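Asker: Sequence first, then the predicted structure:
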Amino acid sequence: MADSVQHDAVINWISGPVLRATATTPLHMNEAVKVGQRALLGEVIRIDGDQAVIQVYEDTTGLKPGDPVSATGAPLSVKLGPGLLGNIFDGLLRPLNEQGRYVRPGISQNHNSKQYAFSPLIKQGDLATRGTLFGSVHRDDARLQRCMSPPNCDGRVVSIKPAGEYSDEETLCILDCGDDQVRELSMSHFWPVRQPRPVLRRLPIKGPLFTGQRILDSMFPIGCGSRAAMPGGFGTGKTVLQETLAKWCDADVIIYVGCGERGNEMASVLHDFPSLLDPRTGRPLMERTVIIANTSNMPVAAREASIYTAVTVGEYYRDMGLRVALMADSTSRWAEALREISGRLGELPGEGGYPAYLSSRQADFYERAAHVHSLSGNVGSLTIIGAVSPPSADFSEPVTTHTKRYVHCFWGLDASRAQARFYPAIHPLQSYSQDVEALSHFWSQNGHPNWARQRQRFLALLEDQARLERMARIIGKDALPPRQQHVLLCAELINEAFLRQSAFSETDRYCSAERQIAMMQIITRFIKLSENAIELGITLEAISALAVMRRLMRMGEEIGEDDLDKFDQLRAELDHSFTRLTRSEAEGHES
Ligand code: ADP
C-alpha cells in the first residue's frame with residue numbers, strides 16, 4: 001500500500017478514467033497528481049475555479065468521492081536514464097519485466113537499484129552547458145550511452161566522480177550554476193513528456209533511414225528525422241511492417257510503442273525481439289530497443305500518454321547524437337483514447353466524434369520528429385513512423401486525413417494487395433515520399449546515380465499498368481497492342497520481382513542497398529532489351545517464354561546477400577537470351 005496521501009483536493013465525481021476534484025490548494029494545469037489511497041498517477045487537464053478535472057493513468061476501480069488527491073508540483077514527467085535500453089515499459093515508463101504479471105497500482109518509475117559502469121567525459125573546472133555529455137555508461141547488454149546534463153541546467157564543474165559502478169540516481173557531477181546555486185547531476189534526469197526537448201537548431205533531411213525494404217528505400221524512402229504514416233485496414237500488414245522496420249532499419253536506437261493494440265500482437269513482439277540479431281552488428285537487437293507496451297486492455301488515459309512518453313525517450317537518445325526511429329502502432333488507437341476522454345469531459349465532438357483538437361495533437365506529435373544539432377553539439381535524429389488503422393480502410397476518415405498533413409512519407413497499405421498475399425501491401429500509386437530529392441545523393445554515393453530516373457520509370461510503368469488493366473477489363477488483354485502488353489509485362493516484373501518482399505523469408509526479409517541497386521538495374525536492363533525486341537517484331541509470348549524470366553521473377557528469393565555476384569551471371573544470361581532471341585528472329589526473317 002502506498003503512503004497515506006496528503007489532501008490538495010478531494011474527489012467529487014468519477015467517470016472511468018476522468019474525475020473531478022475540489023481543490024483545497026491551487027492545482028496547476030498539466031500538473032501530475034496522486035489520486036486516492038493507492039496514489040494512482042493522474043494529470044490535471046482542466047481547471048475551473050476550485051474544480052479540477054483530472055485524467056487518471058491507472059484503473060480507477062475502487063475510487064470514491066471523498067478520496068484525496070495530492071499535487072506533485074511537477075508536470076507529468078518520465079525518468080530518462082541508462083536503464084531504458086533493452087527493456088519493456090508501460091505507457092508511463094514503468095518497467096514491465098520487473099513487475100510479474102501486472103504493474104502494481106501507484107508504482108512509480110523512479111526505482112532502479114542497478115549499478116552501471118560510468119566513465120567521466122569532463123573534468124573539474126570545465127564548463128558544462130545545457131545538454132553537455134559529461135560521462136558515458138557502458139552496459140554489456142546494451143549499446144554505449146551518454147550521460148547528459150538536463151537541457152535546463154548549466155554551470156562549472158565543481159566535482160565529478162571517477163570511473164566506476166554507480167546507481168542511476170547517485171550524484172556523479174556537481175555544477176556551480178552561479179548565484180550560489182548548485183546542481184547535482186546523476187546518470188538520469190526527469191523530463192516532462194508533453195514538452196519537446198530543446199535543440200540548438202533543426203537541420204534539413206540529409207540521409208535515409210535505411211530499412212532494407214525495397215518498396216520503401218527504392219520507391220518511397222524516408223529520411224532520418226522525417227515522419228511517415230502507414231495507414232491500412234485490418235490485416236493489411238501494418239504490425240508486420242512496423243516490426244520489420246524495427247528489426248532491420250539502420251537506426252542506432254528503436255523505440256517501439258504498441259499503443260492500444262491487441263495483447264497477442266504485443267506478445268509476438270515481446271517474444272520475437274529478444275531472440276533477434278542485428279544484421280549489421282550481429283549483436284542482439286534488444287540492445288538498441290526500448291519497447292513501450294500499452295495494449296487495448298490497459299487504461300485508456302495511459303494510452304494517450306504513451307505516445308508522448310515514447311517521443312520523449314526518442315528525443316533523449318537523439319540528444320546524445322544518435323539516430324532514433326520511433327514506431328507507433330497504432331496512432332488511431334491513440335486518437336480513440338483522446339475521443340473517449342473528450343467524450344467523458346462532455347466536450348463538443350468534432351468530425352468522427354473526435355475532439356476538435358485532434359489535428360493539433362497529431363501535429364504536436366509528428367512535429368517532434370527532427371534531424372537536429374542537439375544542445376550537446378552532436379547531430380542526431382528522431383524519425384517517427386506511425387501506423388494508422390482507419391475503420392473500413394477508409395482513408396478519408398479524420399485521423400488519416402489529418403495525419404497526411406503532417407507526414408512527409410505516406411505508405412498506403414492496400415486491402416486488395418493484402419488479400420492477394422502481396423506483401424508489403426503498400427500501394428505504389430497511393431503512396432508518396434517528399435524526401436526523394438533529399439535522398440538522391442545517398443544512392444549516387446552508393447554507385448547508383450540513375451536512381452531517381454529509374455524510380456520514376458518504375459512508377460510511370462505502374463501507373464500505365466493501372467490504366468491499361470482497366471482498359472483490358474473492357475476489351476480483353478489480347479486486344480491490346482504489343483507495346484501496351486509489354487508495359488503490363490514490365491509492371492508485373494517490377495511488382496513480383498522487386499516490390500514483393502516477404503518479411504518471413506530468410507533470404508529476402510532484408511535487402512541491402514547494393515542488392516536493391518543490382519535488382520533495379522537488372523529490371524531496367526530487361527525493360528530496355530525487351531523494348532528493343534518488341535521494336536524488332538519479336539512477340540511478347542516469345543519474351544515471356546524465356547527461361548530467364550522465371551529467374552528474374554524469383555531473384556529476391558534466389559540471390560541472397562552473400563552471393564551478389566550471381567547478379568552478374570543473371571545479367572549475362574539476360575543479355576544472352578535476348579541476343580539469341582533477336583538472332584533467331586532475324587534468321588526467321590531471312591529464311
Ligand atoms: P494489421 O496489423 O494491419 O492488422 P498484420 O501486420 O497483423 O496486419 O498482418 C496480417 C498478416 O499478413 C500477417 O499475419 C502475415 O501473415 C501477413 N503479412 C503482413 N505483412 C507481411 C509481410 N511483409 N510479409 C509476409 N507476410 C506478411
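Answerer: Received it, and whenever you're ready, just let me know what you need.

Asker: tell me which parts of the protein are close to the ligand?
Answerer: The interface of the chain toward the ligand, taken as C-beta under 6 Å from any ligand atom, is made up of 232, 234-241, 244, 423-424, 502-504. (C-beta placed from N, C-alpha, C; glycine too.)

Asker: Contacts only, for Pro231.
Answerer: Contacts of Pro231 were listed using C-beta atoms under 8 Å, 6 or more residues apart in numbering, and they are 387-390, 395, 400, 403, 410, 412-413.

Asker: which among the residues you listed gets closest to Leu172?
Answerer: Distance to Leu172, by C-beta to C-beta, is smallest for Ala387 among those, at 39.1 Å.

Asker: Show me what the helix or strand that closest one falls within pairs with in its sheet, parallel or antiparallel.
Answerer: Per DSSP states H and E: Ala387 is located in strand 379-388. With DSSP bridges as the test, strand 379-388 is paired with strand 227-231 (parallel), strand 323-329 (parallel), strand 370-373 (antiparallel).

Asker: ok, whichever strand or helix holds Arg156: who's next to it in the sheet?
Answerer: Using DSSP H and E, Arg156 sits within strand 155-160. For strand 155-160, the pairing partners within the sheet under DSSP bridges are strand 127-128 (antiparallel), strand 173-176 (antiparallel).

Asker: Quick check: buried residues in that strand?
Answerer: Of all the residues in strand 155-160, those buried under the rule 16 or more other C-beta atoms under 10 Å are 155, 157, 160.

Asker: One more: stretch 222-235?
Answerer: Of all the residues in stretch 222-235, those buried under the rule 16+ other C-beta under 10 Å are 222-233.

Asker: Could you do stretch 269-283 as well?
Answerer: The neighbour-count check on stretch 269-283 (16+ other C-beta under 10 Å) flags 269-270, 273, 278 as buried.

Asker: Leu552: helix or strand, and which one exactly?
Answerer: Per DSSP H and E, Leu552 falls inside helix 547-553.

Asker: Show me what that helix is packed against.
Answerer: Taking 3 or more C-beta pairs under 8 Å, 6 or more residues apart in numbering; DSSP states H and E as the contact definition, the neighbouring helices and strands of helix 547-553 are helix 482-493, helix 513-535, helix 566-590.

Asker: Where among the strands paired with strand 155-160 is average confidence lowest?
Answerer: When the strands paired with strand 155-160 are compared on mean pLDDT, strand 127-128 scores lowest, with a mean of 90.

Asker: Show me how far that one is from its chain's centre.
Answerer: Taking the mean C-alpha point of strand 127-128 and that of its whole chain, the gap between them comes to 34 Å (C-alpha atoms, centre = their mean, to the nearest Å).

Asker: ok, now stretch 133-145?
Answerer: Using C-alpha atoms, centre = their mean, the mean C-alpha position of stretch 133-145 is found 23 Å from that of the whole chain.

Asker: likewise stretch 505-517?
Answerer: Averaging C-alpha coordinates over stretch 505-517 and over its chain gives two centres that are 20 Å apart (C-alpha atoms, centre = their mean).

Asker: same question, stretch 127-147
Answerer: A distance of 24 Å separates the C-alpha centroid of stretch 127-147 from that of its chain, computed with C-alpha atoms, centre = their mean.

Asker: try stretch 297-305
Answerer: Between the mean C-alpha location of stretch 297-305 and the chain-wide mean there is a distance of 19 Å, by C-alpha atoms, centre = their mean.

Asker: try stretch 326-345
Answerer: For stretch 326-345, the gap between its own C-alpha mean and the chain's C-alpha mean amounts to 17 Å (C-alpha atoms, centre = their mean).

Asker: tell me which residues in the helix or strand just after the strand holding Ala387 are buried?
Answerer: Tracing the chain past strand 379-388, the next element assigned as helix or strand by DSSP H and E is helix 398-406. Residues of helix 398-406 classed as buried under the neighbour-count rule (16+ other C-beta under 10 Å) are 398-400, 402-403, 406.

Asker: In the contacts of Pro231, find the pair that's most separated.
Answerer: The most widely separated members of the contacts of Pro231 are Ser389 and Phe410, with 14.9 Å between them, by C-beta to C-beta.

Asker: more neighbours, the two?
Answerer: Relative neighbour count places Ser389 above the other of Ser389 and Phe410, with 26 against 21, counting by other C-beta atoms under 10 Å.

Asker: what sits against the closest residue to that one other than its chain neighbours?
Answerer: Nearest residue to Ser389, sequence neighbours excluded (C-beta to C-beta, 6 or more residues apart in numbering): Ser332, at 4.3 Å. In this structure, Ser332 makes contact with 387-390, 399, judged by C-beta under 8 Å, 6+ apart.

Asker: repeat for Ala74
Answerer: Listed by C-beta under 8 Å, 6+ apart, the contact partners of Ala74 are 31-32, 190, 192.

Asker: can you redo these as JSON lines with neighbour count, distance to Glu165 and secondary structure?
Answerer: Below are the contacts of Ala74 laid out as JSON lines (neighbours: other C-beta atoms under 10 Å; distance: C-beta to C-beta, whole Å; DSSP: H, G, I helix; E, B strand; the rest coil):
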{"residue": "Glu31", "neighbour count": "21", "distance to Glu165": "36", "secondary structure": "strand"}
{"residue": "Ala32", "neighbour count": "21", "distance to Glu165": "31", "secondary structure": "strand"}
{"residue": "Phe190", "neighbour count": "15", "distance to Glu165": "23", "secondary structure": "strand"}
{"residue": "Pro192", "neighbour count": "16", "distance to Glu165": "30", "secondary structure": "strand"}
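
Asker: any idea which of the residues you listed is closest to His7?
Answerer: Of all the contacts of Ala74, His7 sits closest to Glu31, with 15.2 Å by C-beta to C-beta.

Asker: What does the pLDDT read for that closest one?
Answerer: In this model, Glu31 is scored at 93, pLDDT.

Asker: what's the answer for Glu506, then?
Answerer: Per-residue confidence for Glu506 comes out at a pLDDT of 89.

Asker: Checking it next. Helix, strand or coil?
Answerer: Secondary structure, DSSP: H, G, I helix; E, B strand; the rest coil: Glu506 is coil.

Asker: Of all the strands paired with strand 379-388, which one is nearest Glu347?
Answerer: Relative to Glu347, the nearest member of these by C-beta to C-beta is strand 323-329, separated by 24.0 Å.

Asker: which one of the buried residues of helix 398-406 sits closest to the ligand?
Answerer: The shortest separation between the ligand and any of those is 13.6 Å, and it belongs to Thr400 (by C-beta to the nearest ligand atom).

Asker: Now do the same for the closest one: its pLDDT.
Answerer: According to the prediction, Thr400 has pLDDT 95.

Asker: Does it touch Val388 like I think?
Answerer: Yes. Taking contact to mean C-beta atoms under 8 Å, the distance of 5.3 Å between Thr400 and Val388 places them in contact.

Asker: I figured Cys153 hits Arg130, correct?
Answerer: Yes. With the criterion set as C-beta under 8 Å, Cys153 and Arg130 qualify as a contacting pair; they are 6.6 Å apart.

Asker: which other residues reach stretch 308-317?
Answerer: Here stretch 308-317 makes contact (C-beta under 8 Å, 6+ apart) with 78, 80, 84, 89, 91-93, 148, 191-194, 196-197, 252-253, 255, 257, 290, 292, 324, 326, 328, 365, 368, 380, 382, 384.
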